[in-house]
Structure formats: C-alpha cells, structure tokens
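1. Below is the sequence, then the predicted model.
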Amino acid sequence: MKTDRTVPNAWDIAVFAVIALAAAITLIFSRPGGEPGSSVEIRVGDEIFATAELSSDKTIDVDGLCVVEISGGEARVISAKCKNQICVRHRAISRPGEVIICLPQQVTVRVTGGPDAVI
Amino acid sequence: MKKILSVFTAFLILLSLSGCEGIPKRYSKSWFDVFDTAAEFTAYCRSEEEFDCLCDVAHSELKRLHEIFDIYNEYGFFNARSLNLQKSGDCPPELCEVINLGIEWHKLSGGQLNIALGSVLELWHDCREAGVLPDGEELTKRSQHCDISKIEINGSAVTLADPEMSLDYGALAKGWAVEKTAEALCEAGAESFMLSVGGNVVARGEKPSGEWTVGVESPDGGILTSFNVKDGAVVTSGDYQRCYEVDGVVYHHIIDPKTLWPAGLWRSVTVADKSSAEADALSTTLFCLSYEDGKALLEKTGAEALWVSKDGEITRSEGFPDEN
C-alpha cells in the first residue's frame, strides 16, 4: 500500500504535460479549414477577386464591372455596369452573413462569418 | 519503466483521438446560371476532388431541372415552355409531378396557390422588365384564363384546354428542384452540405463544429434571426427581392391571385420544414394570407413559420426553431 501523495511528482507533471500538449495539437489541427473570419470578400463568378478588412477604408474596382466602397465599417456597391442597378440600390452591408449580389455580372460582395446561409 | 509506458500510452490514445484520417474541410461554389438567381453550394469534404465531384452532381441536376421548368426558353426537348406554347409531346415526369403537386396545393390552399396564373404573371414579368405598371383591364382579362381545372393530364400527355392559359411554376419549382438536388447529392455520398438557391435552403448532416445555421435577412438590413437546421429546409418569400420602382412606389414579384397585384400583408414570411418543396409552396402562399388563415394552413402541414409584418413586427409559429 502506497502512502498518500498530495504533491505531484515529476511523472505526474510529465503525463499532464503530454496530455495538454496533445490536446493543444488536436485543437489546432482539428479546426475545420476555411471557417469564415470577419472581412469583406468580393467574388467574380466563383473566383475570389479581393478580400478586405471591414474596418479598412478603401475603394475597390472589381475588374471594371463595379466599384465597391468600404468605409465606416460598411461595404456598398457605389457604381456598376449592370442594367438593373439592384446592387447599387442595395443598402450598405456590415454584419456577418450579409451579401450584395449583382446577378447580371455575377459579382458577390459578402461580409464573411455569421450563419452558413442567409435568406 | 511503467511510468514511461504510461506517458507513451497517454500520447498514443490522444493521437488516435485527434482524427488522423483527415478532418473534412469546408468548400463552397456558386452558380449564376440556374433558376435566374444565385445558387450556392457548401460542403465538408475530405478532398477537393470529392467536392468537385459533388459540384458536378449538384450543378448538372439543377441545370437539368432548370431547363425542364423554364417557361421562357426551349432546349430541344419538351419542357414547360413547350407546354405553354401548346405544343404536343411527352411531358417529362418531373414536369408532370410538379403540375400534380400544383393541383394538390391549389386544393390545399383554397385556391391561393395557382400554377395556372401564368398569363397574369407573364404580364407582370413584361411590365417589370419595361419598368411600367400593367393595365388593370388587361390584368382582369388575363385573370379569366387561370382556371386550373383546364389542365388535362393523361399519362405523360398534358394539355391546356384553354388556349389562352399558361402555367407558371415560380411558387413551387425552385423548392422542388432544390429538394431533388439534395437527394441526388445524398445518393452520390454527400454527408454534410448546404445548398441555397435564391431563398431556398436545404441542409443535410452536420458540420464538424455542429449543425448548419441559417440566417433570415431583415428587410431593413442585418440578420433578423438565425437558427440551426438539421436535415431540413428553410425558404423565405419577401417583398425586398425582385422588385422594381414606378413613380417612387416599389412593386415586388409575389402576385396575390385574389387581387392580381403584389401582396401587401407582409414584408417576408420564412418557412422551416422537412421538405424544401413544401416550404417553397407554403412561404409563397402564406405571404398572401392573413396570419389566421396562414396559421390554419400551416397546421395542415408539419411546417413552422416566421412572419415579418409591414412595421417590422415578428410573429413565430409555436414550434419555429429557437434562435441560436
């Protein structure tokens, strides 16, 4: 019969350290890839054209199709070559999951993060 | 020695728990060539090849169904357009099924959902493109050719007994097609995905981090509410999409068969249901019905709904999913 131990010995610490290390590794590597962060993603068709922080202040010319303005924590389409101009009339977006789509030109401006789909 | 072994064993156990076989990664793809809207497919797959394979399945199925239900173009086979042009030919089984579903829903909704409203909707469509309002007399004239009982079905031969009538599947086909595509994806081995086609969403399985989430857009910006969906569908009908402006007044695309004008009761109605076909039919129907009438119809189904009134007030049916 062993005596009661209240102070952990070196082996206890070693076991603990290994478990902690392995848990940390597991956590780091098991994070699902591509999980959205928080920024503005502009796509033309299916290709990502540009990504920008929502907190930045910039104007992005999307391949001559439209112009996206990011300022004051909001993104909007300020001009577009499409006929219907629905994207230009769309209010500014700022919250995760919000999206502006220019269907005729296949341009998508999206605030990343938030729900998997927004309808 | 025993202690070294115990440390080693602990490490091995943890290593095996960390899922060495590869954790599925998130992939997504959009299409702009189906159902005149934006489609988005997101899935967790173990490799890009696996995802590409699923994309082919989803896109080809959506495209095939889009061509069947397209009332504006023909594609060298008998489709919805051919039927409206009163051509003779064999109706594809998918088209027959949705016509039958339309007739069923017409009964269930007390005439509120009517796929035979094509001639009225066509006038609205042309006016929307031209940026003008339809002529009231012309609307009334066309509404006399919306009698759903004039659809005659004889096996795969469908005829429209009224030469002036045409069918429009806008309230049904998209949801039905999304449901069929989800089935095709499951058959192809997809385990965890979400497919969204212009306001029609289906989710299957779970993400590695938990259930899929769907956000309902607020008509005035932002996300109104978001909730989890497990092997189900969510469809929203709203007045803030597909609308146009004439003399400062905004007109949207959901036409109430009773008035022949855009329905004015709600800003949006969201339906959460097992099937996206039923959810699509329900959301369009509820959009034109009062809360009481809508609730009565809802109770005939297993679906739940969320109404957003003109002044932004939200009403949920009892079993509507809780906010996450």
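-> That came through fine. Residues are numbered from 1 along each chain as shown, chains lettered A, B, ... in the order given.
2. Point out the other helices and strands that the helix-or-strand element of chain A with minimal mean pLDDT packs with.
-> One helix or strand of chain A scores below all others by mean pLDDT, DSSP states H and E: helix A:10-30, with a mean of 74. The contact analysis (3 or more C-beta pairs under 8 Å, 6 or more residues apart in numbering or on different chains; DSSP states H and E) places helix A:10-30 against helix B:2-17. Using the backbone N, CA and C atoms, a C-beta is placed for each residue, glycine as well.
3. Could you tell me the phi and psi values at A:G45?
-> When read as degrees, to the nearest 10, the backbone of A:G45 gives phi 60, psi -120.
4. Hmm, it is touching A:Q106, no?
-> Yes: using C-beta atoms under 8 Å, A:G45 is in contact with A:Q106, at 4.8 Å.
5. Of these two, give the one with the bigger neighbour count.
-> Here A:G45 and A:Q106 are compared on neighbour count by other C-beta atoms under 10 Å in any protein chain shown; more neighbours surround A:Q106, at 19 against 12.
6. Contacts only, for that one.
-> By C-beta atoms under 8 Å, 6 or more residues apart in numbering or on different chains, the contact list for A:Q106 reads A:V44, A:G45, B:F32.
7. how much space between the second one and B:K150?
-> Just to be clear, that refers to A:G45. 43 Å (C-beta to C-beta, to the nearest Å).
8. on that earlier part again, quick one: the least confident helix or strand of chain A to chain centroid distance?
-> Offset of helix A:10-30 from its chain centre (C-alpha atoms, centre = their mean, to the nearest Å): 29 Å.
9. Please point out which parts of it sit buried.
-> Of all the residues in helix A:10-30, those buried under the rule 16 or more other C-beta atoms under 10 Å in any protein chain shown are A:A14, A:V15, A:V18, A:A22.
10. average model confidence for the helix or strand following it?
-> Downstream of helix A:10-30, the first helix or strand assigned by DSSP states H and E is strand A:40-44. Across strand A:40-44, pLDDT averages out at 93.
11. which residues make contact with strand A:40-44 from outside it?
-> Under C-beta under 8 Å, 6+ apart, the answer for strand A:40-44 is A:48-54, A:60, A:62-63, A:65, A:68, A:70, A:75, A:105-112, B:30.
12. Pull the CA coordinates from it and hand them back as CSV.
-> Written as CSV, here are the backbone C-alpha positions of strand A:40-44 (Å, rounded to 0.1, in the frame of the first residue of the first chain):
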residue,chain,number,x,y,z
VAL,A,40,-15.4,41.5,-46.9
GLU,A,41,-15.0,39.0,-49.7
ILE,A,42,-15.6,40.0,-53.3
ARG,A,43,-16.1,37.3,-55.8
VAL,A,44,-16.5,37.4,-59.6
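13. quick one, helices of the stretch 51-200 of chain B?
-> Secondary structure of the stretch 51-200 of chain B (DSSP state H, counting those that start in this stretch): helices at B:80-84, B:93-108, B:118-130, B:136-143, B:173-187.
14. Many thanks, we can stop here.
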